[in-house]
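Q: Give me a 3D structure for the following:
(one chain, ligands or ions: 2)
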Amino acid sequence: MATVVLKNVKKIYPGSTEPAVHDFNLSIADKEFIVFVGPSGCGKSTTLRMVAGLEDISEGTVEIDGEVVNDLQPKDRGISMVFQNYALYPHLTVYENMAFPLRLLRNPKMSNDEIYERVTNAAKILGITQYLTRKPKNLSGGQRQRVAIGRAMVRDSKVFLMDEPLSNLDAKLRNQMRAEIILLRQRIQTTFIYVTHDQTEAMTLGDRIVIMKDGFIMQVGSPTEVFDRPGNLFVAEFIGAPKMNTFMAKLVKDEKDYHVECFGEKIPVTGEKARELSEKGIGTQTIVLGIRPEHMVFSEEPKPGYIPVEVVVNEMMGSEVHLHVTTPEVPEGAYDTLTEAEARSRDFADEQLLLPGGKKELIIRIQTINLTDKQRAEFVPGKKLYLSAESRVMHFFNYQKGKLKTNLLYGPGAEAEASLAN
Ligand SMILES: Nc1ncnc2c1ncn2[C@@H]1O[C@H](COP(=O)(O)OP(=O)(O)OP(=O)(O)O)[C@@H](O)[C@H]1O
Ligand SMILES: [Mg+2]
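A: Numbers count the residues shown, from 1 in each chain. Ligands and ions are numbered 1, 2, ... in the order given. The predicted structure is shown next:
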């Protein structure tokens, strides 16, 4: 049970010029479950290992329970850690594997009765009591993973650190263990820092999620905040699967409300969203518009405010259908802040947005139960559909060439702002 505070924490590995972690600031509350998530190489493990004491801190401080721990050995920091490669001792039974860290304790030494009590208690919580006498090789992957978690649980730790503990497991087991970690968390009331590259794990486990990229914090927020109010295009595309549709559009301020122009159509922006835009004094400009696949609506007939598209792939997922569609070509000169040369430059193309004269592939996600039999049969490659979205599901990003595209309405949180300011 403890708070963890990282202040201006930086990591530069010997021999490298770019920091692996830039100016990382975060206050973790007692008993909070924090998840670090981001693509490979973004600095998640490095940050966790600096908290654990397995990696030197180049600059800044880490405090656990109000005490700066920079110079403390891992064993003196009051932490427990579970790794992806949970090396169990093959020649020891499950019981002895779990008892191992307790047998190492000195002054005072722990009594056998106390060890027995703790190991059996942890085994009960994890549902592995019947395997205590087995050797690890006679266990399934999920059971071994539970032993590794049990081994970390038996100690009195203030903070529980986990680095991709489920990534060795198959999809089904991973889902099951994810639910078990939620239960575990309810039973052992302690502070957790959990590292994963899987956004589903991050969303389901975290009280707050820290989304990282290239050693920077891109956003810190609750699962709902980062999903509903992504502070920038990176977070918008990282959280949610299939990823958010994003494309160039023009946001136009009308007398009362707004509308967006894209693919030659005008989609109205009204209500709460229009009010928020207006309150921020946002005027007519080129933007990146984001709409999640599950938030798009379709019509089979042309309608004003609906973009005509053509189905190219139909992925039947059972309970839902993912339709990949292509848009019409973008009219030349559609976005007034871009010259044609800019729009065609490699820089711009690399951002995978949209070139004048180009088409964009979008995904729309439809609940199968909402489709008629006729529609199920007809929504195949070549089918023409018309897509739109309500104002409240639209995300508006500032279009700045070669720069991070920030949300016009919502910030990424103070921690990300501090990180990105450098
Ligand atoms: N011991 C090391 N020496 C030098 N550079 C390192 C070392 N360990 C990691 N790095 C670099 O630091 C950066 C961050 O690495 P880190 O392991 O923290 O990423 P990660 O987010 O945990 O990625 P993954 O999801 O692949 O585990 C990477 O660019 C990596 O190459
Ligand atoms: Mg890692």
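
Q: can you list the domains in this structure?
A: Domain segmentation of the chain under automatic domain parsing yields 4-228, 242-403.

Q: mind checking which helix or strand the nearest residue to residue 245 once chain neighbours are set aside is in?
A: Distances taken as Cβ to Cβ, 6 or more residues apart in numbering put residue 362 closest to residue 245, at 4.5 Å, once the chain neighbours are dropped. For glycine as for every other residue, the C-beta is placed from the backbone atoms N, C-alpha and C. Take DSSP states H and E as the rule and residue 362 turns out to sit in strand 361-367.

Q: For the chain, give me the ranges with low pLDDT.
A: 1, 336-340, 342-357, 422 (pLDDT under 70).

Q: so the residue nearest to residue 245 touches residue 296, yeah?
A: Yes - contact criterion Cβ atoms under 8 Å: residue 362 and residue 296 qualify, at 7.4 Å.

Q: Now the common contact residues for the two.
A: Jointly contacting residue 362 and residue 296 under the rule Cβ atoms under 8 Å, 6 or more residues apart in numbering are 245, 387.

Q: Where do the strands of the stretch 1-150 of the chain begin and end?
A: Taking DSSP state E, counting those that start in this stretch to define them, one finds strands in the stretch 1-150 of the chain at 4-11, 21-28, 33-37, 59-64, 67-68, 79-82.

Q: Show me which positions of the second one end up buried.
A: The reference is to strand 21-28. Residues of strand 21-28 classed as buried by neighbour count (16 or more other Cβ atoms under 10 Å): 21-26, 28.

Q: where's residue 323, which helix or strand?
A: Under the criterion of DSSP H and E, residue 323 resides in strand 320-326.

Q: in that strand, what's buried?
A: Residues 320-325 are the ones in strand 320-326 that count as buried (16+ other Cβ under 10 Å).

Q: most packed of the domains of the chain?
A: Of the domains of the chain, the one with the most neighbours on average (mean count of other Cβ atoms under 10 Å) is domain 4-228, at a mean of 18.

Q: That domain near ligand 1 anywhere?
A: Yes - interface with ligand 1: domain 4-228 contributes 13, 16, 20, 38, 40-46, 197 (Cβ under 6 Å from any ligand atom).

Q: what would these look like in TSV with distance to residue 287?
A: TSV is the format used below for those (distance: Cβ to Cβ, whole Å):
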residue	distance to residue 287
13	38
16	36
20	33
38	25
40	30
41	30
42	26
43	30
44	31
45	35
46	34
197	29
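
Q: And residue 198, how far from residue 207?
A: 17 Å (Cβ to Cβ, to the nearest Å).

Q: Revised request: answer the last question for residue 213.
A: Distance, residue 213 to residue 207, using Cβ to Cβ: 21 Å.

Q: swap in residue 364?
A: Residue 364 sits 32 Å away from residue 207, taking Cβ to Cβ as the criterion.

Q: And the helices in the protein, which stretches?
A: All helices of the chain, identified by DSSP state H, fall at 44-52, 94-103, 112-126, 141-153, 171-187, 199-205, 223-228, 233-238, 271-279, 340-344, 346-350, 373-378, 414-420.

Q: Does anything pack onto the fourth one? Which helices or strands?
A: So that's helix 141-153. Applying 3 or more Cβ pairs under 8 Å, 6 or more residues apart in numbering; DSSP states H and E, we find helix 141-153 packed against strand 79-82, helix 94-103, helix 112-126, helix 171-187.

Q: Can you list phi and psi of residue 408 for me?
A: phi -70, psi -20 (degrees, to the nearest 10).

Q: and it, how many neighbours?
A: 18 (other Cβ atoms under 10 Å).

Q: Tell me which residue of the stretch 101-250 of the chain lies closest to ligand 1.
A: With Cβ to the nearest ligand atom, the shortest gap between the stretch 101-250 of the chain and ligand 1 falls at residue 197, namely 4.6 Å.

Q: quick one, what contacts that residue?
A: Counting by Cβ under 8 Å, 6+ apart, residue 197 touches 37-40, 44, 164, 167.

Q: and if you look at residue 154?
A: By Cβ under 8 Å, 6+ apart, the neighbours of residue 154 are 98-99, 101-102, 118-119, 122.

Q: how far away is the closest residue to it other than its chain neighbours from residue 183?
A: Distances taken as Cβ to Cβ, 6+ apart place residue 118 nearest to residue 154, at 4.6 Å, with adjacent residues excluded. From residue 118 across to residue 183, the span is 19 Å (Cβ to Cβ).

Q: now residue 374
A: Counting by Cβ to Cβ - residue 374 and residue 183 are separated by 45 Å.

Q: Repeat that for residue 299.
A: Distance of residue 299 to residue 183, given as Cβ to Cβ: 44 Å.

Q: cool, residue 301 as well?
A: As judged by Cβ to Cβ, residue 301 and residue 183 stand 49 Å apart.

Q: Quick check: which of the buried residues of strand 320-326 are also close to ligand 1?
A: When contact is defined as Cβ under 6 Å from any ligand atom, the buried residues of strand 320-326 do not meet ligand 1 at all.

Q: nearest to ligand 1, of the residues you listed?
A: Using Cβ to the nearest ligand atom, those come closest to ligand 1 at residue 322, 26.1 Å.

Q: Test my guess that the closest one contacts residue 242.
A: Yes - using Cβ under 8 Å, residue 322 makes contact with residue 242 at a distance of 6.3 Å.

Q: Enumerate every residue touching residue 409.
A: Counting by Cβ under 8 Å, 6+ apart, residue 409 has contacts 229, 276-277, 280, 396.

Q: coming back round to it: closest one to residue 417 among the domains of the chain?
A: Within the domains of the chain, the stretch nearest residue 417 is domain 4-228; the backing value is 8.9 Å (Cβ to Cβ).

Q: Endpoints of the closest one, how far apart?
A: Terminal residues of domain 4-228 lie 27 Å apart, using Cα to Cα, to the nearest Å.

Q: Likewise for stretch 124-135?
A: Chord length of stretch 124-135, first to last residue, is 18 Å (Cα to Cα).

Q: again, but for stretch 283-299
A: Using Cα to Cα, the two ends of stretch 283-299 sit 30 Å apart.

Q: Stretch 15-35 too?
A: By Cα to Cα, the extent of stretch 15-35 from end to end equals 29 Å.

Q: Without its sequence neighbours, what residue ends up closest to the residue positioned nearest the centre of the chain?
A: Central residue of the chain (Cα atoms, centre = their mean): residue 199, 3.8 Å from the mean position. Residue nearest to residue 199 in three dimensions, not counting chain neighbours: residue 239, with 5.4 Å by Cβ to Cβ, 6+ apart.
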